[in-house]
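Asker: What follows is a predicted structure for the sequence shown.
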Amino acid sequence: MPDYATLAIVCSIFLLAGFIKGFVGFGLPLVAIGLLTTIVGLQAAIALFLVPALCTNIWQGFAGAYTAPLFRRYWTFFVPTMVFTFPGTLALSRFDTNYLTALLGFLLCLFVVLSFSRPNFVVPERLEKPLNPVMGIISGILAGMTGAFTMPGVVYLQATRLPRDQLVQAMGMLFTLSTVGLGVSMGSQNLLNWNLGLASFAAFVPTFIGLMIGTRIRKRTTEHGFRIVFLLALGLLGLYIVGRSLTALYV
C-alpha cells in the first residue's frame, strides 16, 4: 500500500520546484533536493531529481525561439562547460569540496550586492569571444566539483545583458549540457544510483506543470521586475549554499 501522504508531499515539492524554475530559470536542484532530503533521504532525492532536471532543462533551453542564435553566440562557452565537468568530478570523488562550495555561495551573494549597487555591471560584447572559453572551463570544473551550475555560469550570462526570455533559454541550454556532462562523468566513476529511475520519470509530470505555470507568470512580468526577482533568487541561493556548506563542515 503506497503512502499517499508522502506521495502528495513529493508531488507538491516538484510542483513548487518546477514553478520556481519556470519563473526565474533556475532553482530546481535547490528546492527539490533540499526539501526531498528531509523526507526520503539524500540518495533517493538525487535519484528522483535526475529526470525532471534533465527534461525541464531541455525544454527550457531548446524549445524557445532563440536556440540557434544563442548557440552561435555562446557555443564556445557551453561546450567547455560540458567537457570540463569531468576533471571537476574527479576532485568531487576525492576531496572535501565544502570549502570551495561555501566560497561559491559567498561570491554569488557578493555579485548580487554589487549588481544592486552598480546596476550597469556588464560584460562588453567585444570581450565575449575571449571570455567564453575561459568562463566555460571555470564553470565546468566548478560544476563538477560542487554540482552547482549557477556560479559562475548564470552570473556570466546575466552580465552579458541578455533580454529576459533569452537569458532564461540560455540558462536552460547551459544546464542541459552541464547536466549531460556531469551525468556522464559521475556515471563513469560509479557515483550515480538509478534505483528510483521509474519514480524519477513520474516526478517529471508535476515538475513540468509547475514549470509551465511559472513560465506563464514570467512572460507577464516586466524586464525590471524580473531582474529584481532574478537577483533576489540568486542571493537566496548563495545564502543557502553557504549555510549548507558551513553546516557540513562544522556540524
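Answerer: Received the coordinates, thanks.

Asker: Could I get the average pLDDT for the longest helix anywhere in the chain?
Answerer: Counting by DSSP state H, the longest helix found in the chain is helix 223-250. For helix 223-250, mean pLDDT is 80.

Asker: any idea how far it is from the chain center?
Answerer: 12 Å (Cα atoms, centre = their mean, to the nearest Å).

Asker: what do you get for stretch 158-177?
Answerer: Its chain's C-alpha centre lies 11 Å from the corresponding centre of stretch 158-177 when counted by Cα atoms, centre = their mean.

Asker: Please apply the same query to stretch 65-85.
Answerer: 15 Å.

Asker: residues of it that come out buried?
Answerer: 66, 70-71, 73-74, 76-82, 84-85 (16 or more other Cβ atoms under 10 Å). Bear in mind the C-beta positions are built from the backbone N, C-alpha and C, glycine included.

Asker: Lowest-confidence one in those residues?
Answerer: Lowest pLDDT within the buried residues of stretch 65-85 is found at Thr85 (83).

Asker: which ones are touching that residue?
Answerer: Listed by Cβ atoms under 8 Å, 6 or more residues apart in numbering, the contact partners of Thr85 are Gly140, Ile141, Ala143, Gly144, Ser178, Gly181, Leu182, Ser185.

Asker: again with Pro152
Answerer: Applying Cβ under 8 Å, 6+ apart to Pro152 gives the contacts Leu107, Met135, Ile138, Ser139, Leu142.

Asker: Kindly export stretch 200-214 (C-alpha atoms) in PDB.
Answerer: The C-alpha coordinates for stretch 200-214 follow below in PDB (Å, rounded to 0.1, in the frame of the first residue of the first chain):
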ATOM      1  CA  SER A 200      12.000  10.000 -11.300                       C
ATOM      2  CA  PHE A 201      10.200   9.700 -14.600                       C
ATOM      3  CA  ALA A 202       6.900  10.000 -12.800                       C
ATOM      4  CA  ALA A 203       8.100  13.100 -10.900                       C
ATOM      5  CA  PHE A 204       8.600  14.900 -14.200                       C
ATOM      6  CA  VAL A 205       4.800  15.400 -14.500                       C
ATOM      7  CA  PRO A 206       4.200  17.700 -11.500                       C
ATOM      8  CA  THR A 207       7.600  19.400 -12.300                       C
ATOM      9  CA  PHE A 208       6.500  20.200 -15.800                       C
ATOM     10  CA  ILE A 209       3.100  21.500 -14.700                       C
ATOM     11  CA  GLY A 210       4.900  23.900 -12.300                       C
ATOM     12  CA  LEU A 211       7.300  24.900 -15.000                       C
ATOM     13  CA  MET A 212       4.500  25.900 -17.300                       C
ATOM     14  CA  ILE A 213       2.800  28.000 -14.600                       C
ATOM     15  CA  GLY A 214       6.000  29.700 -13.700                       C
END
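
Asker: Right, I'll call it a day here.
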